[in-house]
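Enquirer: Any chance you can model this:
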Amino acid sequence: MKKGLPPMLMSRRLSVIALALAPLVGLPCAAMAEESSLGTPSGEVSMKFKSLDIGVGHTWGTGKLVFQHHTYRFKIEGGSLAAVGYANIKGHGTVYNLNKVKDFEGSYAAVNGDVTAGTGIGAVLLNNPAGVRIRLDTSSSGGRLAAAAQGMKITFTK
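Expert: Coordinates of the predicted model:
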């Protein structure tokens, strides 16, 4: 008596496994394609900010940009529409299309959704008129619900 699975059953199991894994094979390429559509990576950024919202919200905080082997500190001021709650948010991400450090300062726009009940994670893509983009991965704590258009002004500090 032979031990193991009959060839037909083994073939079916391998087919099921192959079908289940097939979508995952393209993920690294899809991630690279998404990443490359943002432009040229040119720096790293980290931010800590708070958001207090009652319909119209207010966001404030600090951050640092690492660009061409230099570190630049900045402050964040902004607001959002259609949000309720309070959250402490930390973010880290990549800056794209930054050729001159002065192009980093200014107003950024984003449309995002956020639900925080205790703790949460998310991502946001910020764009400014100079073509600079920031892809930011965030973690938050507090209680907040937002389906909001958000604006943020970044200003360097001394």
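
Enquirer: which stretches of the protein form strands?
Expert: Along the chain, counting by DSSP state E, strands occupy 41-67, 70-96, 106-127, 133-156.

Enquirer: buried stuff in the second one?
Expert: Same thing as strand 70-96. The neighbour-count check on strand 70-96 (16 or more other CB atoms under 10 Å) flags 72, 74, 76, 78-80, 83, 85, 87-91, 93-96 as buried. All C-beta spots, glycine's among them, are computed from the backbone N, C-alpha and C.

Enquirer: in its sheet, what does that strand sit against?
Expert: Note on strand 70-96: by DSSP bridges, its sheet partners are strand 41-67 (antiparallel), strand 133-156 (antiparallel).

Enquirer: Out of these, name the one with the poorest average pLDDT.
Expert: Note on these: lowest mean pLDDT is at strand 133-156, with a mean of 80.

Enquirer: Map the structural domains onto the sequence of the protein.
Expert: When the chain is parsed with automatic domain parsing, its domains come out as 1-37, 40-156.
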